[in-house]
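[1] Predicted structure and sequence below. I'll ask about it afterward.
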Amino acid sequence: MIFATAIAFTLLSFANPVKAGTFTDDLGRDFTFTGNEKFATRAATGALSLYRMGIQDQITAIWGLWSIRGSDLDVDDPEAGSRYPESDPDVEEVNWLHTKINMSPGCYTNPRGCFRWDSIADVKNNSESIDYILFIDNGGDDNMKTVTEETGIPVIFIDTFYDYNSDCRYVNNATEEDYELKDKTRCFGRSMIDVAERIEELAIAIGGANTAQIESDKELACQAAHAFTDLMKQKQEDGVRVMTTIIAVKKDDDTGDDYFEFRTLDPIDLWIPRTLEELGMPILHHDDGSLTLDDYSTRVTGDEFFIDCDGTLSVDCNSNTMYPVDFWLIDSRSYLLILNEDNEVNEDVIEAIFPDKAMLAGQHWHYARNDGPLSYYAIYRMLDEMVSRVSPAVRMHDPTECTAVDPKTDVTAQSGGGLDRGEYICYDEDLIQTKYLSGCTVDGDNDDDDDEDPCFSGDDVVTLESGQSMRFAEISVGDRILSADKAGNTHYSDVVFLPHEQNNKQATFVEMSTSTGNKLCATKNHLIVTCSGATASAGSLTVGQCVRTVTGDDTIETVATVRSTGVYTAVTKTDYIVVGGIVASPFAYNHNLVSAYYNLHRVAYDFIPNLLQSSVLRKANELFGSFAAHAFVAIAGK
């Protein structure tokens with residue numbers, strides 16, 4: 001046993017050898033490491049990013065906030081969680097941070113922010129434990145301009161705002177301080193993956209990077225990016241537009257009344273909005289240097305935003321707005337202003353001082369404004385959560401035209417970039433930031449896959465004969481589920497065949513709900529039974545149309561495009577099945593023709609039921625289904 005353990009330890013040592021190297025920072029300075037250096041860095045942006053890449057013992061000291069701004073994370077009780085779990089450190093990471101020298105004990109838990117050490121004395125007193133200071137930040141910390149002179153500790157700079165360009169920032173200049181911007185037209189915004197790649201280069205140069213973990217996290221980030229950009233393609237087709245902002249609730253000096261104000265932000269030097277736009281999110285710009293904003297402040301009050309309200313804000317005058325915002329992304333600190341004590345949205349506050357349609361519809365979420373980690377794992381967590389939050393969003397205002405530019409170049413300059421007020425970039429698959437999308441295998445990479453699969457989401461529910469609800473992903477052959485015949489009569493029927501095996505495939509669905517609360521998610525060509533008894537594709541149905549449900553005819557109240565996991569359908573002995581209370585065909589394109597094919601399975605179920613659970617038959621069935629779907633598409637001329 002001891003011998004085996006020794007061998008395992010040796011193998012692990014070889015798996016992550018300490019091979020120190022040379023790193024060139026974002027002021028163009030070269031640093032060479034031996035593998036034994038000790039580093040101090042900002043807790044969240046630096047330490048947690050490097051921790052995920054295997055640089056752990058080398059970090060000896062930290063400063064700054066451990067969570068993102070606005071978080072309620074209790075660093076002494078991390079098991080309690082936080083309101084921002086997709087951005088904050090987990091229990092293991094918090095416990096690791098506790099083992100490091102804390103050079104900002106006075107503010108590291110302040111939810112309003114903490115980005116510097118408390119005093120230069122904290123650095124001087126711990127200088128024997130610090131060989132290098134890692135400045136992974138936006139260049140705005142004045143402490144970094146003098147710390148080497150005061151302590152003798154060199155600073156290594158990774159710019160979280162701009163790509164390295166010798167014309168962007170000053171370094172070793174006779175009259176200008178290091179880090180100051182030299183020519184803003186030569187400063188081009190970075191997104192998260194640009195910074196993560198630089199941190200990875202640094203981790204490898206330091207020595208001891210966990211390359212296996214890095215590659216695993218890249219895979220997760222890649223898969224999340226595919227899901228996100230697929231969703232953004234659909235959202236742009238739906239006409240949905242997003243505003244990234246900071247909000248405030250202020251008091252009128254004359255009346256003492258509260259009023260709402262938001263600050264418009266172009267996604268140039270904000271790494272999360274920059275990331276989202278490079279992956280296709282339709283973010284509204286404002287460009288405070290544009291001629292179209294001569295008469296507008298980048299700080300907009302509710303009175304200015306609601307053009308027709310004439311000083312008295314209400315839902316009766318909220319249609320005509322300065323910006324056609326369908327979804328709000330609010331920075332994590334100011335997002336608290338619209339939350340109540342239970343971290344739920346305070347609709348009374350919104351309706352009283354900012355009765356915006358998207359706000360009232362719950363179409364808003366937060367983003368970390370230039371804080372939190374910048375690892376590949378952080379990219380995965382952010383994009384995965386963003387897919388969940390943006391998926392249900394629908395267009396709330398009249399459609400507007402997009403602007404066809406490259407999000408990676410044309411609009412990333414600190415000065416001279418950006419678009420005019422209310423403009424957003426068109427979705428263009430050829431211009432998506434492909435660095436996010438490479439290095440992983442994603443089910444359904446072909447855009448036609450979603451169309452070919454006549455599917456429901458794995459989270460859709462059916463009703464068992466016992467009266468219990470069951471997720472589609474949990475159905476088995478032989479289960480008796482609520483079904484319907486063509487006359488509209490409902491009854492329970494045996495599941496005779498499941499065309500899809502268990503899967504985690506990401507797909508785009510049409511989510512519809514009715515006035516009585518029935519709801520399902522189906523791919524756009526899946527057939528839904530209308531009140532006339534005819535079938536219609538889910539993608540063709542609109543609000544107000546009539547569909548059959550378990551309780552009778554009902555009207556569609558909402559329709560949205562969402563991303564979800566798992567693609568499933570079920571064949572019963574009856575024509576139709578009831579999913580989420582709505583009567584639907586198990587099939588797409590042509591119910592009668594496909595149902596006739598599955599009559600073979602219905603007969604087989606009565607005589608050789610085991611055959612229908614064969615993976616070979618299921619695979620052959622999928623091949624046939626794919627062929628049939630292509631044939632239907634070709635015939636329809638799509």
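    Right, received. Where do you want to start? Please read these numbers as outputs of a predicted model, since none were measured by experiment. Numbers count the residues shown, from 1 in each chain.
[2] How many residues are close by Asp316?
    10 (other C-beta atoms under 10 Å). Bear in mind the C-beta positions are built from the backbone N, C-alpha and C, glycine included.
[3] The strand of greatest length in the chain - contacts with which helices or strands?
    The residue-count maximum for a strand in the chain (DSSP state E) belongs to strand 552-565. Contacts defined by 3 or more C-beta pairs under 8 Å, 6 or more residues apart in numbering; DSSP states H and E place strand 552-565 against helix 211-238, strand 506-514, strand 546-549.
[4] taking these together, which one is wrapped up most tightly?
    Of the helices and strands packed on strand 552-565, the one with the most neighbours on average (mean count of other C-beta atoms under 10 Å) is strand 506-514, at a mean of 23.
[5] Using CSV, list the CA coordinates for it.
    What follows is strand 506-514, C-alpha atoms only, in CSV (Å, rounded to 0.1, in the frame of the first residue of the first chain):
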residue,chain,number,x,y,z
GLN,A,506,-28.3,21.7,-25.2
ALA,A,507,-31.1,22.8,-27.6
THR,A,508,-33.2,25.8,-28.4
PHE,A,509,-36.9,25.6,-27.5
VAL,A,510,-40.0,27.6,-27.9
GLU,A,511,-41.4,28.0,-24.4
MET,A,512,-45.1,28.8,-24.3
SER,A,513,-47.6,29.2,-21.4
THR,A,514,-51.3,29.6,-21.4
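[6] Spell out which strands sit alongside that strand in the sheet and which way each one runs.
    strand 519-522 (antiparallel), strand 552-565 (antiparallel) (DSSP bridges).
[7] related to what we said a few turns ago, return the member of the helices and strands packed on strand 552-565 having the minimum mean pLDDT.
    Per-stretch mean pLDDT for the helices and strands packed on strand 552-565 is lowest at strand 506-514 (a mean of 87).
[8] Please tell me how far it is from the chain's geometric centre.
    Taking C-alpha atoms, centre = their mean, to the nearest Å, one finds strand 506-514 lying 18 Å from the centre of the chain it belongs to.
[9] Run the angle between that strand and helix 211-238 for me.
    Put simply, strand 506-514 runs at 40 degrees to helix 211-238, going by axes from the mean of the first three to the mean of the last three C-alpha atoms, to 10 degrees.
[10] ok so, going back, so after the longest strand of the chain, what's the next helix or strand?
    strand 567-568 (DSSP states H and E).
[11] avg pLDDT for that next one?
    89.
[12] Give the other helices and strands that it contacts.
    Applying 3+ C-beta pairs under 8 Å, 6+ apart, we find strand 567-568 packed against strand 456-457.
[13] Quick one: mean pLDDT for the helix or strand just after the strand it packs on?
    Later in the chain than strand 456-457, the nearest helix or strand by DSSP H and E is strand 461-463. Model confidence over strand 461-463, given as mean pLDDT, is 94.
[14] Remind me what strand 461-463 packs against, helices and strands.
    So strand 461-463, by 3+ C-beta pairs under 8 Å, 6+ apart, packs with strand 469-471, strand 480-484, strand 576-579.
[15] rewinding a little: quick one: closest of the strands paired with strand 506-514 to Glu351.
    Closest approach to Glu351 among those is made by strand 552-565 (19.8 Å; C-beta to C-beta).
[16] What residues of the closest one count as buried?
    Asp554, Ile556, Val559, Ala560, Thr561, Val562, Arg563, Ser564 (16 or more other C-beta atoms under 10 Å).
[17] mind checking how far stretch 520-530 is from the chain centre?
    For stretch 520-530, the distance to the chain centre is 26 Å (C-alpha atoms, centre = their mean).
[18] start to end distance for it?
    Stretch 520-530 has its terminal residues 14 Å apart, counting by C-alpha to C-alpha, to the nearest Å.
[19] do stretch 339-358 as well
    Start-to-end, stretch 339-358 (C-alpha to C-alpha) is 15 Å.
[20] Same question for stretch 464-478.
    Using C-alpha to C-alpha, one end of stretch 464-478 lies 11 Å from the other.
[21] and what of stretch 494-511?
    Note: stretch 494-511 ends 26 Å apart using C-alpha to C-alpha.
[22] what distance separates it from the centre of its chain?
    Counting by C-alpha atoms, centre = their mean, stretch 494-511 comes out at 24 Å from the chain centroid.
[23] Ok, stretch 358-365 next?
    That offset, for stretch 358-365, works out to 16 Å (C-alpha atoms, centre = their mean).
[24] One more: stretch 207-215?
    24 Å.
[25] Okay, and Pro586 sits in which element?
    strand 582-588.
[26] Show the subsequent helix or strand relative to that strand.
    Defined by DSSP H and E, the subsequent element after strand 582-588 is helix 591-607.
[27] So which elements touch that next one?
    strand 490-497, strand 571-572, strand 582-588.
[28] partners of the shortest one in the sheet?
    Which is strand 571-572. Strand 571-572 has these strand partners (DSSP bridges): strand 490-497 (antiparallel).
[29] now the partner strand, how far from the chain's geometric center?
    38 Å.
[30] List of residues touching it?
    With contact meaning C-beta atoms under 8 Å, 6 or more residues apart in numbering, strand 490-497 is reached by 464-465, 475-485, 550, 570-574, 577-578, 583, 598, 601-602, 604-605, 612, 621.
[31] Point out where the stretch 51-200 of the chain drops to low pLDDT.
    Judged by pLDDT under 70, the stretch 51-200 of the chain has no weakly predicted residues.
[32] mind redoing it with 90?
    For the stretch 51-200 of the chain, the stretches flagged by pLDDT under 90 are 111-113, 115, 140, 165, 174, 184-189.
[33] residue boundaries of the helices in it?
    Remark: helices assigned in the stretch 51-200 of the chain by DSSP state H, counting those that start in this stretch are 91-97, 120-125, 143-151, 192-206.
[34] now for these, which one comes closest to Gly106?
    Judging those by C-beta to C-beta, what sits closest to Gly106 is helix 120-125, at 9.6 Å.
[35] quick one on the thing from earlier: from the buried residues of strand 552-565, which is closest to Trp96?
    Distance to Trp96 across these (C-beta to C-beta) is lowest for Arg563, with 33.0 Å.
[36] Hmm, Asp230 and that closest one touching each other?
    Yes. Contact criterion C-beta atoms under 8 Å: Arg563 and Asp230 qualify, at 6.7 Å.
[37] Could you tell me which residues touch both of these two?
    With C-beta under 8 Å, 6+ apart, Arg563 and Asp230 have common neighbours Gln506, Thr508.
[38] List the contacts of the nearest residue to Ala44 once chain neighbours are set aside.
    Nearest residue to Ala44 in three dimensions, chain neighbours excluded: Gly372, at 5.3 Å (C-beta to C-beta, 6 or more residues apart in numbering). Contacts here follow C-beta under 8 Å, 6+ apart; on that basis Gly372 touches Ala44, Thr45, Leu48, Ser67, Ile68, Ser87, Asp88, Ala378.
[39] Export the residues you listed as TSV, with columns for neighbour count.
    Converted to TSV, the contacts of Gly372 look like this (neighbours: other C-beta atoms under 10 Å):
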residue	neighbour count
Ala44	30
Thr45	31
Leu48	28
Ser67	29
Ile68	28
Ser87	26
Asp88	26
Ala378	25
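[40] Appreciated, that's everything.
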